[in-house]
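> Provided below are the primary sequence and the corresponding predicted coordinates.
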Amino acid sequence: MSTLVALHLSLAMLAVAVGTAVLLRVKGTPTHKRLGRIWVALMAAVALSSFWIFGIRKGAGPSFVHLLSAWTLISLACALWFIRRGNVRAHRRFMIGSFVGLAGAGLFALAPGRTLYRFLFAA
């Protein structure tokens, strides 16, 4: 596993942990806001780091996953924009959607043949 993929995976695992904590805690508290900021930074780092990972197409350049990374960055920006304008409902939808996307990407990364699958299950 390359250093970049290991960093990407580490950031993603941290994002899952912090995101879970944010979802389980009371909303609107100083702790929620602090953890939320950390989660957004982690998610942005995960999305940005993916732009240099080309394993799906065997090094042949970007894949559909990179579109999901771009959408993640847009979703995070929208969530921040909405909460700054007091639209909690839209903020919540974008944040939960981003978390579900992260979980889905993690499940997809566990598919046979993918780097994470080989790392965890291959001899």
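Thanks, I have the structure now. Nothing here was measured: the structure is a model prediction, and the numbers come from that model.
> from now on I want contacts and neighbour counts done on CA atoms only, so please keep to that.
OK.
> could you give the number of residues near residue 44?
Neighbourhood size, residue 44 [other C-alpha atoms under 10 Å]: 21.
> before we move on, which element is it in?
Take DSSP states H and E as the rule and residue 44 turns out to sit in helix 30-50.
> low-confidence regions, the chain specifically.
Judged against pLDDT under 70, the low-scoring parts of the chain cover residues 1, 54-64, 123.
> hey, where'd the helices end up in it?
With helices called from DSSP state H, the chain shows them at 3-24, 30-50, 64-84, 88-109, 115-121.
> picking up where we left off before, summarise which helices and strands the helix holding residue 44 is packed against.
In this structure, helix 30-50 packs against helix 3-24, helix 64-84, with contacts taken as 3 or more C-alpha pairs under 8 Å, 6 or more residues apart in numbering; DSSP states H and E.
> among these, which is nearest residue 109?
helix 3-24 (9.8 Å; C-alpha to C-alpha).
> ok, residue 89 - how many residues close by?
Neighbours of residue 89 under the rule other C-alpha under 10 Å: 11.
> got it, and the one 5 residues further on?
Summarising burial for residue 94: neighbours were counted as other C-alpha under 10 Å, giving 21.
> am I right that it is in contact with residue 75?
Yes. Judged on C-alpha atoms under 8 Å, residue 94 makes contact with residue 75 at a distance of 5.8 Å.
> that older thread, which of the residues in the helix holding residue 44 are buried?
Of the residues in helix 30-50, those buried by neighbour count under the rule 16 or more other C-alpha atoms under 10 Å are 32, 35-36, 38-40, 42-50.
> got the contact list for the spatially closest residue to residue 69 that is not a sequence neighbour?
Excluding the flanking residues, the one nearest residue 69 by C-alpha to C-alpha, 6 or more residues apart in numbering is residue 47, at 4.8 Å. By C-alpha atoms under 8 Å, 6 or more residues apart in numbering, the contact set of residue 47 is 69, 70, 72, 73.
> repeat the analysis, applying 7 Å as the threshold.
Taking C-alpha atoms under 7 Å, 6 or more residues apart in numbering, we find residue 47 in contact with 69, 72, 73.
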